[in-house]
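1. the amino acid sequence is not available; the structure is as follows:
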């Protein structure tokens, strides 16, 4: 099934699209200090742009804003300032695009809170 549906290539494609979208969001959100991970297992780390200290409060606001909009995000990391993305690689493109739109709106809302 993995070979038949070319799921490894799909994971790499989705991971690339996710990282590109996060980089685009980073252009307006200096709280994003790192985007990392192999394939479609990606994490984004948030910190205070002035001090570069981990910002669990901002990360929590992003998570709550996303939840209000119907997207469940999980925070993790030693300081609670990381969001890890672990969506199934079979996610339909339309659902992925919707999730990215919600994420972008949630980061923007967290910045204005």
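-> Cool, the structure landed. These figures come from a predicted structure and were not determined experimentally. Residues are numbered from 1 along each chain as shown.
2. ok, and what's touching stretch 61-68?
-> 46, 72-75, 83, 102-103, 105-107, 109-110, 113 (C-beta atoms under 8 Å, 6 or more residues apart in numbering). All C-beta spots, glycine's among them, are computed from the backbone N, C-alpha and C.
3. tally of neighbours for residue 92?
-> By other C-beta atoms under 10 Å, the residues close to residue 92 number 9.
4. ok, the one 4 residues further on next?
-> By the other C-beta under 10 Å criterion, the neighbourhood of residue 96 contains 16 residues.
5. distance of the closest residue to it other than its chain neighbours from residue 31?
-> The shortest distance from residue 96 to any non-neighbouring residue, by C-beta to C-beta, 6 or more residues apart in numbering, is to residue 14 (6.7 Å). Applying C-beta to C-beta, to the nearest Å, the value for residue 14 to residue 31 is 24 Å.
6. what's the answer for residue 15, then?
-> 22 Å.
7. these two: which is more packed in?
-> Set residue 15 next to residue 31 and count neighbours by other C-beta under 10 Å: residue 31 wins out with 21 against 18.
8. wait, doesn't that one sit right on residue 56?
-> No: the criterion here is C-beta atoms under 8 Å, and residue 31 misses it with residue 56 at 11.5 Å.
9. and the helices in this structure?
-> Listed in chain order, the helices of the chain (DSSP state H) span 7-26, 56-68, 93-112.
10. and the residue nearest to residue 18 when sequence neighbours are not counted, how many neighbours?
-> Leaving aside its sequence neighbours, residue 18 sits nearest to residue 42 (C-beta to C-beta, 6+ apart; 5.1 Å). Number of residues near residue 42 (other C-beta under 10 Å) recorded here: 20.
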